[in-house]
Each structure stands twice: as C-alpha cells, then as structure tokens.
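# can you look at this prediction? I've put the sequence above it.
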Amino acid sequence: MKTVTLYTDGACSGNPGPGGWGAILSYQEHNRELSGGEANTTNNRMELTAVIKGLEALKEPCIVELFSDSKYVIDALEKGWALGWQKKGWIKADKKPALNPDLWEKLLKLCQKHQMRYHWVKGHADNPMNNRCDQLAVAESKKF
C-alpha cells in the first residue's frame with residue numbers, strides 16, 4: 001500500500017457563514033492541492049469536508065497519515081466517538097444529537113477503505129502544510 005499524507009483545514013467567516021476548506025495530498029515528491037467552499041456552512045462542516053474530499057481523491061486504498069488542527073475531527077475518529085454516535089443512531093453520550101451526521105457517515109465509510117493514522121497539529125503555528133491549507137480554505141470562504 002502507498003503511504004500518503006493528507007493535510008486538511010476548514011474556515012468559516014461567522015459560524016454559520018461563508019466557509020471554505022483546503023486539503024493537500026502528498027505522495028513522494030508530488031503534492032496536490034484541493035479546495036472548495038459553501039455560502040452558508042459551519043467551521044466543523046468545512047473541517048469534515050476537507051478530509052472527505054482528500055480521501056475521495058485517492059484512487060486506491062492507502063495508508064493515510066491525516067494531519068488536521070481540528071480536535072473535533074481527530075478526536076472523533078481516533079477515539080472512536082464518531083463510530084459510537086453512528087451505532088447509537090447519531091446520539092452522543094450526553095443524549096444530544098450528534099452534529100453533521102451526513103458528513104460523518106461519508107467520512108466513516110471512506111476511512112474503512114484506508115489504513116488511517118491521525119495526527120493533531122496546532123493551527124496557525126509553524127506548520128507550512130497546515131498554514132497552506134488554511135490559506136486555501138480562507139480564500140475559498142471569501143468567494144461568497
């Protein structure tokens with residue numbers, strides 16, 4: 001299996017408001033930038049969308065090193081929260097509905113195709129790939 005690195009970020013101006021997402025897929029010396037946005041969304045929806053779009057771009061099962069500054073995304077995947085919400089009909093441990101079940105459903109299905117490894121990175125810090133994803137996401141959000 002190929003090992004690819006996926007950096008992702010989401011941005012939103014207002015929450016909800018216009019938003020954008022950015023993703024960078026890296027394999028060996030090749031980098032591929034992806035980005036998009038929506039007129040009315042939330043930051044967490046953009047964070048999830050960035051990961052989904054990055055994984056959808058892969059043409060075969062891979063070992064994926066996922067880097068995100070979103071605790072929401074990394075913790076829910078790494079700690080199994082999202083799978084738990086899914087098993088309970090999208091209800092969280094506090095009995096409140098889990099947000100974004102449509103995107104979590106897509107993401108969990110995509111994660112099953114790959115060997116996922118999760119890495120949280122500090123946002124707006126000294127990580128050039130994360131900073132580039134942020135630039136892509138913010139630029140997309142400004143289109144609306």
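Good, I have the coordinates.
# for the residue nearest in space to the middle of the chain, phi and psi?
Geometric centre of the chain, nearest residue: residue 51, 3.0 Å, by Cα atoms, centre = their mean. Reported as degrees, to the nearest 10, the phi and psi values for residue 51 are phi -70, psi -40.
# what separates whichever strand or helix holds residue 130 from the chain centre, distance-wise?
With elements taken from DSSP states H and E, the one containing residue 130 is helix 128-141. Using Cα atoms, centre = their mean, to the nearest Å, the mean C-alpha position of helix 128-141 is found 13 Å from that of the whole chain.
# list the buried residues in whichever strand or helix holds residue 112.
Following DSSP H and E, one finds residue 112 within helix 101-113. Within helix 101-113, the residues scored as buried using 16 or more other Cβ atoms under 10 Å are 103-104, 106-107, 110-111. Where C-beta positions appear, they are placed from N, C-alpha and C, glycine not excepted.
# can you map out the strands along the chain?
2-12, 17-27, 30-41, 62-68, 115-120 (DSSP state E).
# about what we covered before: out of the buried residues of helix 101-113, the closest to residue 68 would be?
Residue 68 lies nearest to residue 107 out of the buried residues of helix 101-113, by Cβ to Cβ, at 11.6 Å.
# wait, isn't the closest one in contact with residue 53?
No. Using Cβ atoms under 8 Å as the test, residue 107 is too far from residue 53 to be in contact (10.4 Å).
# distance check, the closest residue to the residue nearest to the centre of the chain other than its chain neighbours against residue 93.
In space, and not counting its chain neighbours, residue 51 is closest to residue 8: 5.0 Å by Cβ to Cβ, 6 or more residues apart in numbering. Per Cβ to Cβ, to the nearest Å, residue 8 is found 26 Å from residue 93.
# much appreciated, bye for now.
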